[in-house]
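In: After the sequence you'll find the predicted model.
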Amino acid sequence: PMDFIPKYLAGKNDPEHISYECEQLVPILKPTYGCIVYQEQVMQIVRDLGGFSLGRSDNLRRAMSKKKVDVMQSERTAFVEGCLKNGIDEKVANTIYDSMIDFAKYAFNKSHAAAYAVVSMRTAFLKYYYPVEYMAALLTSVMGETTKVSDYIYECRDMGVNVLPPDINAGESGFSVKDGNIIYGLSAIKGIGINVIDRIVEEREESGPYKDMDDFAQRLYDKGVNKKIIENLIKAGAFDSFAANRNQMLIAFPVVFDNKASEKKKTIAGQMSLFDMGDEEIKESIKTPLPPVPELDKEELLSYEKEVLGIYVSGHPLENYTDLLKKNVKNSTKDFIREVVRDAEGNEISSECKVNDGDFTVIGGILNDVKTKTTKNNTIMAFADLEDLYGSIEVIIFPNSYMPNRENLVEGEKVLIEGRIQFEDEDTARVIASNIMNFNQVPKKIWLRFKDNEHYNSLKTEMEDLLKTSDGNDRIVIYKEKEKEKFMLPVRYLVDVNKDLVEEFEAILGEKNVAVTYEKAYFKHGRSR
């Protein structure tokens, strides 16, 4: 048990810390520095001190492992009586028995404990000395379980290990390592079978990296690759090594594929295509032209990643809102997960959850799967999933809360939800919403940094003209770097801090001199956090 570890280590490092309740325990507990570590030691204690038979000692071990309190208490009497016959004080006997019951909270037999210790030592060694390789192998082992993959990716980020999107020219079927980074496994992309992935990797290893979409389609058209596979590879970021952005490729890939299909048909009909001539200059000259369009915005890119990978890889739509979440959210979705500890026989020893049924909470994230339902009383209620940085949780909006909050119940919107926690069963929690606030409604401050007072005065008129175009409830903070002066503009300069206003200020001052911070939110209906 974890509680025994400090005592065990103290005894191991300094024998003077070792003590025994009675001399009969010395030969039993000496190998483990005075601590009960194995189930076999419990069996030996009740035999040698309490006079139990081998069979009876095993029955007690089973009762302890299954938490059969009535059996443990009835055997206490027999144990104490046996100890008295062997010259052991009654108080000492009860203390020893209490220690055995404490031990039973998390007890294993010696062979089981040793086997787990070996596995623990090896995995700890690998994680410490080869963290990137270890996490890549761990991710591959759970590749079909989106929730676990997401958890381990966040673990990677906490460890300072980068997980990069799939890469058609560097990735493997499973998660792999390159230049100290983990490359997302190609097999994790939805809609692409393992056989197709194997052909893609084999073709690359045999004939070299893929140069562009035309080259990819030409080499793999007759190996099971279709339009949908190419589309999903683009959305996952697997073609990012090509000299094109994802938006260009999403527009151009149908033409690329149709061209290859046409060329293959001509080949079957006995007509030689320009690609068959082997002249690289000719091949280069007939590459499918890419439209001159800018890249998709960050949220669209992330949305596509989530669509085909099940999780966000290159970022998260909430990563720019950590300040807002920190100041307003009471619980994240990981707080709703019950952690269960089981013994060697699979019996639940303990379980812990950071929230309880009926607790008040505020959660924050992205609304997904918003659905409305008309009740028997002809009123409307709604159901939704709220996704945050760690997972998702079901949210229920009953009719009395639906009407005041309906404008914020929009698919894909980022919101704060105030409500009460309800456990549907022991392991499944949800939130009964009372109030919903869009992130845009959360009070904000926009911080503007100027080099010095002269710089501020030179831009003051231009800045005031810009402020006249914005009307809202957010404050502006001015910071003059040279003078180290900070002040808030008067309330007559209240603005609506939105994307457009931020970009306008960035155009005037530079991106690094404009920042947005969030304040504590107060809900209009019901109590505040």
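Out: Sure thing, it's come through.
In: Tell me where the stretch 51-200 of the chain is predicted with low confidence.
Out: For the stretch 51-200 of the chain, the stretches with pLDDT under 70 are 105.
In: ok, 90 please
Out: Residues of the stretch 51-200 of the chain meeting the criterion pLDDT under 90: 60-74, 99-109, 112-113, 144-148, 150-151, 154-155, 157-158.
In: Equivalent analysis for the stretch 251-400 of the chain, please.
Out: Applying pLDDT under 90 to the stretch 251-400 of the chain flags residues 257-288, 310-311, 314-315, 319-320, 334, 336-357, 389-392.
In: For the helix or strand harbouring D58, buried residues please.
Out: Taking DSSP states H and E as the criterion, D58 maps to helix 54-65. Neighbour-count burial for helix 54-65, counted by 16 or more other Cβ atoms under 10 Å, picks out 56-57, 59-61, 63-65. Where you see a C-beta, it was placed from the backbone N, CA and C, and this is true even at glycine.
In: Spatially, which two of those are the most separated?
Out: Between any two of these, the greatest separation by Cβ to Cβ is 15.2 Å, found for R56 and S65.
In: Quick one: residues contacting N453.
Out: 480, 482-483, 485 (Cβ atoms under 8 Å, 6 or more residues apart in numbering).
In: Taking these together, which two end up most distant?
Out: Largest separation among the contacts of N453 by Cβ to Cβ: K482 and E485, giving 8.6 Å.
In: P294: what's it in contact with?
Out: So P294 contacts 245, 247 (Cβ under 8 Å, 6+ apart).
In: rerun that using 7 Å as the cut-off
Out: N247 (Cβ atoms under 7 Å, 6 or more residues apart in numbering).
In: hang on, it in a strand?
Out: No - per DSSP: H, G, I helix; E, B strand; the rest coil, P294 lies outside any strand segment and is coil.
In: what separates it from F253, distance-wise?
Out: Distance, P294 to F253, by Cβ to Cβ, to the nearest Å: 17 Å.
In: Neighbour-wise, give me the winner out of the contacts of N453.
Out: K480 (18 neighbours; other Cβ atoms under 10 Å).
In: Show me which positions of stretch 35-49 end up buried.
Out: For stretch 35-49, by 16+ other Cβ under 10 Å, it's 35-39, 41-49.
In: Find the nearest non-adjacent residue to N408, please.
Out: Leaving out its chain neighbours, the residue that sits closest to N408 by Cβ to Cβ, 6 or more residues apart in numbering is I436, at 4.4 Å.
In: For that neighbour, which residues count as its bridge partners?
Out: As for beta bridges, I436 partners with I417 under DSSP bridges.
In: how about the strands of this protein, start to end?
Out: Under the criterion DSSP state E, the chain contains strands at 163-164, 176-178, 181-183, 339-342, 348-352, 360-374, 380-387, 392-397, 414-423, 429-438, 444-450, 475-480, 485-488, 514-518.
In: Of the ones you listed, which is nearest S314?
Out: Proximity to S314 (Cβ to Cβ) singles out strand 163-164 among the strands of the chain, at 7.7 Å.
In: Which secondary structure elements does the closest one sit against?
Out: The contact analysis (3 or more Cβ pairs under 7 Å, 6 or more residues apart in numbering; DSSP states H and E) places strand 163-164 against strand 181-183.
In: redo that, cut-off 8 Å
Out: helix 146-159, strand 181-183 (3 or more Cβ pairs under 8 Å, 6 or more residues apart in numbering; DSSP states H and E).
In: Nearest to S458, out of these?
Out: Nearest to S458 among those is helix 146-159; the distance by Cβ to Cβ comes to 41.7 Å.
In: Next, the angle from that closest one to strand 392-397.
Out: Relative orientation of helix 146-159 versus strand 392-397 (axes from the mean of the first three to the mean of the last three Cα atoms, to 10 degrees): 120 degrees.
In: so what's the residue nearest to I230 when sequence neighbours are not counted up against?
Out: Nearest residue to I230, sequence neighbours excluded (Cβ to Cβ, 6+ apart): F253, at 4.9 Å. Residues in contact with F253 (Cβ under 8 Å, 6+ apart) are 213, 227, 230-231, 234.
In: My guess is I251 contacts P292. True?
Out: No - if you go by Cβ atoms under 8 Å, I251 and P292 don't touch, sitting 10.4 Å apart.
In: out of the two, which sits in the busier spot?
Out: Taking neighbours as other Cβ under 10 Å, I251 and P292 compare with I251 leading, 13 against 6.
In: between the strands of the chain, which one is nearest to S332?
Out: Across the strands of the chain, the minimum distance to S332, taken as Cβ to Cβ, is reached by strand 360-374, at 7.4 Å.
In: Each with direction, which strands does the closest one pair with?
Out: With DSSP bridges as the test, strand 360-374 pairs up with strand 380-387 (antiparallel), strand 414-423 (antiparallel).
In: right, so those strands: which one is the most enclosed?
Out: Mean neighbour count (mean count of other Cβ atoms under 10 Å) peaks for strand 414-423 among the strands paired with strand 360-374, with a mean of 21.
In: Output it as PDB, restricted to C-alpha atoms.
Out: This file holds the C-alpha atoms of strand 414-423, laid out as PDB (Å, rounded to 0.1, in the frame of the first residue of the first chain):
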ATOM      1  CA  LYS A 414     -17.700  28.500 -27.200                       C
ATOM      2  CA  VAL A 415     -19.600  28.900 -23.900                       C
ATOM      3  CA  LEU A 416     -19.500  28.900 -20.100                       C
ATOM      4  CA  ILE A 417     -22.200  26.800 -18.500                       C
ATOM      5  CA  GLU A 418     -23.400  27.200 -15.000                       C
ATOM      6  CA  GLY A 419     -25.300  24.300 -13.500                       C
ATOM      7  CA  ARG A 420     -25.600  21.400 -11.200                       C
ATOM      8  CA  ILE A 421     -23.800  18.000 -11.400                       C
ATOM      9  CA  GLN A 422     -25.900  14.900 -11.700                       C
ATOM     10  CA  PHE A 423     -24.600  11.400 -11.700                       C
END
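In: Please name the nearest non-neighbouring residue to V442.
Out: Using Cβ to Cβ, 6+ apart, the closest residue to V442 is A521 (4.7 Å).
In: That neighbour: how many residues sit nearby?
Out: Neighbour count of A521, defined by other Cβ under 10 Å: 21.
In: quick one: it from S332, how far?
Out: From A521 to S332 the distance is 16 Å (Cβ to Cβ).
In: could the helices and strands packed on strand 163-164 go into a markdown table alongside distance to D359?
Out: As requested, these are exported to a markdown table (distance: least, Cβ to Cβ, whole Å):
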| stretch | distance to D359 |
| --- | --- |
| helix 146-159 | 23 |
| strand 181-183 | 37 |
